[in-house]
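Student: Quick one, structure for this:
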Amino acid sequence: MTEEEPDYRFTLANERTYLAYLRTSLACYAGGLSAVQFLDLGPDRWPARIIGLILVCAGIVTTAGAFRRWQQNLTAIRRGGALPVTRLPLMLGATIAVVGLIGLLFSVWR
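Tutor: Prediction:
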């Protein structure tokens, strides 16, 4: 298969999706660091540290996954192939649900 220059709208849409993932990863970083700094969920503050660690790790995975997804999509678009399947949205949704449950449990348990 040869690579050809795709319609620029597809390339720009792929880039917008990449930037949306980067915004999400920045939100994960900010949320994680804020959780460690400001959440008071117990005397040892370990629940806040767990929430912060999970969110910052999710941000790192999202940043790396977004770049990989952008590259794979661009290659598929240029070759005229199908876009690859990604589990990145599932990972983000599951992470946010887990963090929410941890926060809920410790705020009620406290």
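Student: so what does whichever helix or strand Y21 is part of touch, helix or strand wise?
Tutor: Under the criterion of DSSP states H and E, Y21 resides in helix 8-38. When contacts are defined as 3 or more CB pairs under 8 Å, 6 or more residues apart in numbering; DSSP states H and E, helix 8-38 sits against helix 46-79, helix 88-109. All C-beta spots, glycine's among them, are computed from the backbone N, C-alpha and C.
Student: how far away is the most centrally placed residue in the chain from P47?
Tutor: When the chain is reduced to its mean C-alpha position, the nearest residue by CA atoms, centre = their mean turns out to be T62, at 3.5 Å. Taking CB to CB, to the nearest Å as the measure, T62 falls 22 Å from P47.
Student: same thing with Q72?
Tutor: Distance of Q72 to P47, computed by CB to CB: 37 Å.
Student: okay, the two: which has more neighbours?
Tutor: More crowded of Q72 and P47, by other CB atoms under 10 Å: P47, with 20 against 15.
Student: Provide a list of residues in contact with that one.
Tutor: By CB atoms under 8 Å, 6 or more residues apart in numbering, the contact list for P47 reads 39, 41, 102-103, 106.
Student: May I ask which of those residues comes out lowest in pLDDT?
Tutor: In terms of pLDDT, L41 ranks lowest among the contacts of P47, with 78.
Student: How about the secondary structure of that one?
Tutor: Under DSSP: H, G, I helix; E, B strand; the rest coil, the three-state class of L41 is coil.
Student: Tell me how many other residues crowd it.
Tutor: 20.
Student: Was I right to think it contacts I50?
Tutor: No. Between L41 and I50 no contact is recorded; they are 9.3 Å apart, counting by CB atoms under 8 Å.
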